[in-house]
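# coordinates only, sequence not included:
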């Protein structure tokens, strides 16, 4: 845009369906600190919120709290609060919700007071360009001083472990509430177990034993998560490298298995074609459809491997310039 190159980095949100909050925080902290070490500063941060959400529930509020803890007050003037999916809600309702977000002390009000701006992502590319142009203007107006670092970047650069950062403490507070809840549940299960033993209720004892085993597994995972938060910058980067290497090895194994399956299916199709006949042609045609699906799957795996290779090269490369 206007001769400048912008890199847009999409990140997972907290309360993700498939990734735990701790894994999300570790990924974000690792990436943010790597670019910070390479002297790359973020020109702006875009926080997306669906205007169709009729209220900020527990998950959305947690996302917002974590976002503010990650950024810190100094970075808030670089934050864009963008509302999406305006076409899914009647405009009068959406406008009312937008006003609530902008003025509510528990929502975006304090962030706006500290310099964050609200935009509507309601008109496709045109809206996106307006947001980028705003971030570009922020960059141009402060060319002689770099954008402020995010709070988690300065905290970990100063030697704090992940669980000692503001964002880490927020995750730990959430996990502590969950641990207390599970501890109480375990106490209640033990009381019920004692009663079932007195009553010699074998069926109840079996059901309670299964519930206790599930709860113990959850509590063990919570303890493991707590340990995974106790990492400094070097440990986090080393562990993230190991995680990425394992993921890459697993993906490579899947790609090799898929390639072998493709070779097997191609050989089978050739055999059927040599036999000849209408029935064989039909079978071969059906197998070719299946083969094409396997080839698509293999291509996707190879593309993912290529992206992983580029990511790994970026992480292990030298220092980079201050481009955004």
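All right, it came through fine. What you see is a predicted model, and the numbers here were worked out from it, not measured in a lab.
# the protein: strands as residue ranges?
Here the chain has its strands, by DSSP state E, at 45-50, 79-84, 117-120.
# just name the most buried of these.
strand 79-84 (a mean of 21; mean count of other Cβ atoms under 10 Å). For glycine as for every other residue, the C-beta is placed from the backbone atoms N, C-alpha and C.
# what pairs with it, parallel or antiparallel?
According to DSSP bridges, strand 79-84 forms sheet pairs with strand 45-50 (parallel), strand 117-120 (parallel).
# who's in contact with stretch 16-28?
Residues from elsewhere that reach stretch 16-28 (Cβ atoms under 8 Å, 6 or more residues apart in numbering): 11-15, 66, 70, 152, 162, 167-168, 171, 174-175, 225, 228-229, 231, 236, 239-240.
# which of these are buried, as a ChimeraX select command?
In ChimeraX syntax, the buried subset of these is picked out as below (16 or more other Cβ atoms under 10 Å):
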select :13,14,15,66,70,152,162,167,168,171,174,175,225,228,229,231,236,240
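# that older thread, can you redo the strands paired with strand 79-84 as TSV with distance to residue 157?
As requested, the strands paired with strand 79-84 are exported to TSV (distance: least, Cβ to Cβ, whole Å):
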stretch	distance to residue 157
strand 45-50	18
strand 117-120	27
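# looking at those, which is closest to residue 302?
strand 45-50 (30.5 Å; Cβ to Cβ).
# ok, back up a step: among the contacts of stretch 16-28, which are in helices?
If you go by DSSP state H, the contacts of stretch 16-28 have 66, 70, 152, 167-168, 171, 174-175, 225, 228-229, 236, 239-240 in helices.
# out of the strands paired with strand 79-84, which is closest to residue 267?
Closest among these, using Cβ to Cβ: strand 45-50, at 48.6 Å.
# find the residue closest to residue 71 in space, skipping its chain neighbours.
Nearest residue to residue 71 in three dimensions, chain neighbours excluded: residue 150, at 5.3 Å (Cβ to Cβ, 6 or more residues apart in numbering).
# phi first, then psi, for that neighbour.
phi -70, psi 160 (degrees, to the nearest 10).
# what about it, distance to residue 238?
Using Cβ to Cβ, to the nearest Å, residue 150 is found at 22 Å from residue 238.
# repeat for residue 137
39 Å.
# fine, thanks again, bye for now.
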